[in-house]
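*Asks:* Here's my sequence, what's the structure:
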Amino acid sequence: MLFTLARCQFHGELFFSIFIYRRTIFLLFVIIANTSSKYNQRIGNWELEIENW
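*Replies:* Numbering: from 1, shown residues only. A predicted model of the protein is given here:
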C-alpha cells in the first residue's frame, strides 16, 4: 500500500517536472523567436531559422 502510494507520487512529480520543463522550453522558444524577429526585421524568415535551429 505504502509502496504503491510512493510510486504514484513519484510518477506525479516526474510528470509535473516534465510538464514544467516543456512549458519553459516553449516560453524560451517564443521569446527567442520574438526578439530575433524584432532585431532582424525578418518575420517571414523566422520559420526557416527554426528549421535550421
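*Asks:* Number of residues surrounding residue 32?
*Replies:* Neighbours of residue 32 under the rule other C-beta atoms under 10 Å: 14. Where C-beta positions appear, they are placed from N, C-alpha and C, glycine not excepted.
*Asks:* make that residue 34, sorry
*Replies:* With neighbours defined by other C-beta under 10 Å, the count for residue 34 comes to 12.
*Asks:* Give me the below-cutoff pLDDT ranges for the protein.
*Replies:* 1-10, 37-53 (pLDDT under 70).
*Asks:* Go again with 80.
*Replies:* Applying pLDDT under 80 to the chain flags residues 1-12, 14-16, 36-53.
*Asks:* Could you check how far residue 22 is from residue 34?
*Replies:* Remark: distance between residue 22 and residue 34 (C-beta to C-beta, to the nearest Å) = 19 Å.
*Asks:* err, residue 25, not the other one
*Replies:* Following C-beta to C-beta, the distance that separates residue 25 from residue 34 is 15 Å.
*Asks:* Equivalent analysis for residue 24, please.
*Replies:* 16 Å.
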